[in-house]
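Engineer: Give me a model of this one.
(4 chains)
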There are 2 protein chains.
Amino acid sequence: MDIEDGSAKLIDVARLANCSPATVSRVLNGNPNVNEIVRDRVVRAARELGYVPNGSARALRSTRTRLVGAIIPTLDHAIYATMVDALQARLSEKDVSLIINTSGYDIDLEYEQARLLVERGVESVVLVGSTHLPATLAMLEQKRIDYVYTYTSKAMESGAAVGFDNEKAGRTAARYLLDLGHAQFGMIAGITQDNDRAAGRRDGFLNELERSGIDRATVTVVEGAYRLDDGRRCMQRLMEEGTRPTAVFCGSDILAAGAIKYCHAAGIAVPGEVSIVGFDNLEIAELTSPELTTLEVPARDMGRIAADYILASPSQRLHLRQRELAIRLIVRESTAPVGR
Amino acid sequence: MDIEDGSAKLIDVARLANCSPATVSRVLNGNPNVNEIVRDRVVRAARELGYVPNGSARALRSTRTRLVGAIIPTLDHAIYATMVDALQARLSEKDVSLIINTSGYDIDLEYEQARLLVERGVESVVLVGSTHLPATLAMLEQKRIDYVYTYTSKAMESGAAVGFDNEKAGRTAARYLLDLGHAQFGMIAGITQDNDRAAGRRDGFLNELERSGIDRATVTVVEGAYRLDDGRRCMQRLMEEGTRPTAVFCGSDILAAGAIKYCHAAGIAVPGEVSIVGFDNLEIAELTSPELTTLEVPARDMGRIAADYILASPSQRLHLRQRELAIRLIVRESTAPVGR
DNA sequence: AAAAGTTGTGAAAACGATTTCACAAAGAGC
DNA sequence: GCTCTTTGTGAAATCGTTTTCACAACTTTT
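Structural biologist: A predicted model of the protein is given here:
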């Protein structure tokens, strides 16, 4: 019976299988140079004892933890939760475990969490965006832990990146609205402090408008947290202050959904009086009325591809260091030609 | 400078601080019996070398990993992502790291993941629901790893539970709809196989109806995965087969949102012709038109309280072993008295 | 002033695996 | 039949901490 008191150790398996600990280790690690008969005895003994290796001992001796860390802003936003879901799923296929930490968009907290991850011996770290404390990256580099940026495709000296170009995405939104004939714009951006993605989208949007002769000063930009009521509040400000925009680009579907709700409550027709474009293409984009036109962020792909990079051998990695994924515009019902 | 090649080890700190490794260890672990002057030298030396302890070695010797595992069905559903977010936030306040695994509602896969977690040396495991392979629980018990059930409050011999009574929640939905005068019911349940929560809600709903004289045979129950289009599809079946229900209870807000979308497309008035009740009170419940009446699941509280249990000392735990949280009915616009 | 605690410290063992090295036995090449 | 690999195995060292034990130097009690 395996009602052992202290859990069985490798040496117990060795004893039962009548061989040395070294041999047991070899069997457990798939070393081919073990006689089949012995191998079988070991496997049987391990099963009988309900043996589970001690990961700490293994990690200590072999210097391989098969542990990966991820530091994301929050899991409360589907765009990150989905990425992590895909990341974890892929990693666990190869028996790599994922430690996850949320920073709440705070890069100082992120540093502390990175430190803890280093202490735990993670072999790679997945980060979101490219805004980080220099100390964070320095620490990772000093400990030879490689890291992957996600949600950004910005080039960098070290580390890998799998994501998309936020600036280009912002330009795409602008281009689309310009092509619909709009000339009066507003934007509800995410909080841009310490957030390169939110800032990139805003800048891309404004740059493209400017390139088409729209005076930057005429486009009001307000910032809100990624919450429904912030979207509502921000939309109210946009519609009540100065000249009303006929097209509004939101840095997130959540903000856009809030904006639509505000319009609904205030009796402003969408897209009749104002067109609204979101960002992310979350499930909620299909639930608003009208359904939301938005830019699709490949969250699941990012997670999977980041995992592939992490699992790749050093030589394979060279090809994978930078991966820009496409952003697709999903046209639904919340946008229309101006003054239709 | 700390451009050390191999990372500094505890013994290097000891050398630099001119003391023994034992003393360094004492300082690092806050042992009070260390002279202040020496303590200071150690702290300074550690900082200078950029010393980060080796968690594996520490764990191996001390038999404490400060690691917790969670196995949840998916992160792609806000109800779980939010719980994990709260769980992680609370754990990390105490420098406890969380390894997360998704099982995709597959209890065999869950077993494999539990095994890996045991190997990693997690000190506690957070599970969802009460349906698990006996082998999974046996393994955890044998290794003296305590576990916490979430999303359920069912009593069990061992382990703790923080959650709510799904059966009672189902009865609450039934009661509410009965009180509105409805007499013809339908239900869109989640997949009930290996899912005690989905089954519990369904059973509670049916039991309460029966108690009020509704023949079980007259209420059609269809099952769908927690996806918008399954909600749509299920609602269609409900409305096209046999006698139409005037009230439908959905096992999840996602299913309910899909159901509402179907009605919208099919020209069925909600709540005019059919009342719809959801479950979870996700953010999307405010986005449907009409807004969704639903039962609020305290996802965030569950995560936080589960963490509190895990962080509690064995003596404190006794009081915390079973915690039933309240389920609130949130009345919005998708329900109305029958034949209003 | 002797006995009985405190404090502060270091030497060495221990945690449970993997890895290196050595070596025997068996098969291959001449 | 004799060397040269190849194959299979075990003894012992090792990974980087924490912990136990011993002990010296002071305090406090009696």
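Engineer: Quick one: the helices in chain A, in order.
Structural biologist: A:10-17, A:21-28, A:36-49, A:55-62, A:78-93, A:107-120, A:134-142, A:166-179, A:196-211, A:228-240, A:253-266, A:299-311, A:314-320 (DSSP state H).
Engineer: Now those in a markdown table, please, with extra columns for distance to chain B.
Structural biologist: All C-beta atoms are positioned from the backbone trio N, CA, C, and that covers glycine. Shown next, in a markdown table, are these (distance: least, Cβ to the nearest Cβ, whole Å):
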| stretch | distance to chain B |
| --- | --- |
| helix A:10-17 | 12 |
| helix A:21-28 | 11 |
| helix A:36-49 | 11 |
| helix A:55-62 | 4 |
| helix A:78-93 | 4 |
| helix A:107-120 | 5 |
| helix A:134-142 | 6 |
| helix A:166-179 | 21 |
| helix A:196-211 | 19 |
| helix A:228-240 | 6 |
| helix A:253-266 | 6 |
| helix A:299-311 | 9 |
| helix A:314-320 | 18 |
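Engineer: mind checking which of those helices is nearest B:I145?
Structural biologist: With Cβ to Cβ as the measure, helix A:55-62 is the member of the helices of chain A nearest B:I145 (13.0 Å).
Engineer: burial count for the residue nearest to A:S212 when sequence neighbours are not counted?
Structural biologist: Sequence neighbours aside, A:L178 is the residue nearest to A:S212 in space, at 5.3 Å (criterion: Cβ to Cβ, 6 or more residues apart in numbering or on different chains). By other Cβ atoms under 10 Å in any protein chain shown, 19 other residues sit near A:L178.
Engineer: From A:S275, how far off is A:L178?
Structural biologist: Distance from A:L178 to A:S275, counting by Cβ to Cβ, to the nearest Å: 11 Å.
Engineer: Now mean pLDDT too, for the helices of chain A, in JSON lines please.
Structural biologist: Compiled in JSON lines, the helices of chain A are given as follows (pLDDT from 0 to 100):
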{"stretch": "helix A:10-17", "mean pLDDT": "96"}
{"stretch": "helix A:21-28", "mean pLDDT": "96"}
{"stretch": "helix A:36-49", "mean pLDDT": "95"}
{"stretch": "helix A:55-62", "mean pLDDT": "97"}
{"stretch": "helix A:78-93", "mean pLDDT": "98"}
{"stretch": "helix A:107-120", "mean pLDDT": "97"}
{"stretch": "helix A:134-142", "mean pLDDT": "94"}
{"stretch": "helix A:166-179", "mean pLDDT": "97"}
{"stretch": "helix A:196-211", "mean pLDDT": "97"}
{"stretch": "helix A:228-240", "mean pLDDT": "96"}
{"stretch": "helix A:253-266", "mean pLDDT": "97"}
{"stretch": "helix A:299-311", "mean pLDDT": "97"}
{"stretch": "helix A:314-320", "mean pLDDT": "86"}
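Engineer: Could you give the bridge partners of the residue nearest to A:T172 when sequence neighbours are not counted?
Structural biologist: Counting by Cβ to Cβ, 6+ apart, A:L329 is the residue found nearest to A:T172 once chain neighbours are left out, at 6.0 Å. Residues in a beta bridge with A:L329, per DSSP bridges, are A:L295.
Engineer: Phi first, then psi, for the residue in the stretch 151-300 of chain A that DNA strand D sits nearest to.
Structural biologist: DNA strand D sits closest to A:S158 of the stretch 151-300 of chain A, with a gap of 23.3 Å, by Cβ to the nearest atom of the strand. Main-chain dihedrals, A:S158, degrees, to the nearest 10: phi -130, psi 170.
Engineer: isn't it right up against A:E141?
Structural biologist: Yes - A:S158 is within contact range of A:E141, at 6.3 Å (criterion: Cβ atoms under 8 Å).
Engineer: ok, the residue nearest to A:S212 - contacts?
Structural biologist: If you count contacts by Cβ atoms under 8 Å, 6 or more residues apart in numbering or on different chains, A:L178 has them with A:208-209, A:212, A:214.
Engineer: give me every residue that touches A:D203.
Structural biologist: Residues near A:D203 by Cβ under 8 Å, 6+ apart: A:167, A:170.
Engineer: which residues touch the residue nearest to A:T172?
Structural biologist: By Cβ under 8 Å, 6+ apart, the contact list for A:L329 reads A:172-173, A:176, A:293-296.
Engineer: Can you tell me how far A:R39 is from DNA strand D?
Structural biologist: Separation of A:R39 from DNA strand D (Cβ to the nearest atom of the strand, to the nearest Å): 7 Å.
Engineer: quick revisit: name the nearest of the contacts of A:L178 relative to B:P271.
Structural biologist: Nearest to B:P271 among the contacts of A:L178 is A:L209, at 43.3 Å by Cβ to Cβ.
Engineer: Around that closest one, how many other residues sit close by?
Structural biologist: For A:L209, using other Cβ under 10 Å, the count is 27.
Engineer: pretty sure it is in contact with A:A173, am I right?
Structural biologist: No - A:L209 lies out of contact with A:A173 (Cβ under 8 Å); the separation is 9.9 Å.
Engineer: still on that earlier bit, just send the contacts of A:L178 back as JSON lines, with distance to B:A183 too.
Structural biologist: Shown next, in JSON lines, are the contacts of A:L178 (distance: Cβ to Cβ, whole Å):
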{"residue": "A:E208", "distance to B:A183": "58"}
{"residue": "A:L209", "distance to B:A183": "58"}
{"residue": "A:S212", "distance to B:A183": "61"}
{"residue": "A:I214", "distance to B:A183": "60"}
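Engineer: Would you mind listing which of those residues are buried?
Structural biologist: Among those, the ones that count as buried by 16 or more other Cβ atoms under 10 Å in any protein chain shown are A:208-209, A:214.
Engineer: So which residues on the stretch 51-200 of chain A come close to DNA strand C?
Structural biologist: Applying Cβ under 7 Å from any atom of the strand, we find that the stretch 51-200 of chain A lies next to DNA strand C at A:53-54, A:57-58, A:60-62, A:64.
Engineer: Between which two of the residues you listed is the distance greatest?
Structural biologist: A:N54 and A:R64 (14.1 Å).
Engineer: more neighbours, the two?
Structural biologist: The neighbour comparison of A:N54 against A:R64 (other Cβ under 10 Å) goes to A:N54, with 20 against 11.
Engineer: what residues are up against the more buried one?
Structural biologist: A:N54 touches A:9-10, B:60, B:119, B:121, counting by Cβ under 8 Å, 6+ apart.
Engineer: Apply 6 Å and report the result again.
Structural biologist: Counting by Cβ atoms under 6 Å, 6 or more residues apart in numbering or on different chains, A:N54 touches no other residue.
Engineer: cool, and A:T152?
Structural biologist: A:129-130, A:161, A:163 are the contacts of A:T152 under Cβ under 6 Å, 6+ apart.
Engineer: and it, what pLDDT?
Structural biologist: A:T152 is assigned 95 on the pLDDT scale.
Engineer: measure A:R216 to B:E286 for me?
Structural biologist: Taken as Cβ to Cβ, the span from A:R216 to B:E286 is 34 Å.
Engineer: Comparing the two, which shows the higher neighbour count?
Structural biologist: With other Cβ under 10 Å as the criterion, A:R216 and B:E286 differ in neighbour count, and B:E286 comes out ahead with 19 against 10.
Engineer: Disregarding residues adjacent in the polypeptide, which is nearest to that one?
Structural biologist: A:L228 (6.4 Å).
Engineer: was I right about that neighbour contacting A:A259?
Structural biologist: No - with contacts counted by Cβ atoms under 6 Å, A:L228 stays clear of A:A259, the gap being 9.5 Å.
Engineer: any shared contact partners between those two?
Structural biologist: Both A:L228 and A:A259 lack any common contact, where contact means Cβ under 6 Å, 6+ apart.
Engineer: nearest residue to whichever residue of the stretch 101-250 of chain A sits closest to DNA strand D other than its sequence neighbours?
Structural biologist: DNA strand D sits closest to A:E119 of the stretch 101-250 of chain A, with a gap of 9.2 Å, by Cβ to the nearest atom of the strand. Sequence neighbours aside, B:G55 is the residue nearest to A:E119 in space, at 4.8 Å (criterion: Cβ to Cβ, 6+ apart).
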